[in-house]
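Enquirer: Sequence first, then the predicted structure, then my questions.
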Amino acid sequence: MKGGEKLRWTLNWLNGSTLLGLLAARIGGCEIRPAANGLIFAHFYSPRLPHAAAFTVGCVVLFRAGPEEVAGRPKLVAHEARHSTQYALCLGLPFLLAYFLAAGISWLLSGDPASRNPFERAAGLHDGGYAERPVRRIFRSRKDSGS
């Protein structure tokens, strides 16, 4: 691991988020495997929520897919690694509150929890498999709408 990855790993263990990620993986019936860059991959996550192909808790990346499919999606892995860093920067579990608040605001603005979510945008919308949606018309100013 590189210096920044070691720091992320250490912070996410200390702040409890990686432990929570391992618990989520266990509850989700995942196969857990160490991965590159100080991440832990949890494959075959089965619960219905969240409605994502992958999500991250601490240094644990939970995938619905198996290792072969994940190996073919390096941009998704990079996106999820950025979320792992966000956990470390937000001191762990407070990231969840901030993320869900940002997702709610994004949904109000665009009808999509990712498009206007600064955490998803910083992690790379397209790398995460998201399409960028415009701000809903009711939130645009008269100047923006051409009136």
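Expert: Sure thing, it's come through.
Enquirer: Can you identify each of the strands in this protein by residue range?
Expert: Counting by DSSP state E, residue ranges of the strands within the chain are 31-34, 40-43, 54-57, 60-63.
Enquirer: got the contact list for the first one?
Expert: When you say that, I think you mean strand 31-34. Applying CB atoms under 8 Å, 6 or more residues apart in numbering, the contact partners of strand 31-34 are 22, 25, 26, 40, 41, 42, 43, 44, 60, 66, 67. For the C-beta atoms, the positions are set from N, CA and C on the backbone; glycine is no exception.
Enquirer: Recalculate using a threshold of 6 Å.
Expert: Contacts to strand 31-34, defined as CB atoms under 6 Å, 6 or more residues apart in numbering, come from residues 25, 40, 41, 42, 43, 44.
Enquirer: pLDDT-wise, which helix or strand of this protein ranks last?
Expert: Of all helical and strand segments in the chain, the minimum by mean pLDDT, DSSP states H and E falls on helix 142-145, at a mean of 59.
Enquirer: wait, what's in contact with residue 40?
Expert: Contacts were defined as CB under 6 Å, 6+ apart; by that measure residue 40 touches 34, 59, 60.
Enquirer: repeat for residue 53
Expert: residue 64.
Enquirer: if we can go back for a sec, just among the contacts of strand 31-34, which is most surrounded?
Expert: Among those, residue 42 has the most neighbours (other CB atoms under 10 Å), with 26 neighbours.
Enquirer: my guess is residue 99 contacts residue 117, does it?
Expert: No - taking contacts as CB atoms under 6 Å, residue 99 lies outside contact range of residue 117: 7.4 Å.
Enquirer: out of those two, which sits in the more crowded spot?
Expert: Neighbour tally, residue 99 and residue 117, criterion other CB under 10 Å: the higher count belongs to residue 117, 24 against 20.
Enquirer: Let me know the closest of the contacts of strand 31-34 to residue 78.
Expert: Closest approach between those and residue 78, by CB to CB: residue 41, at 13.3 Å.
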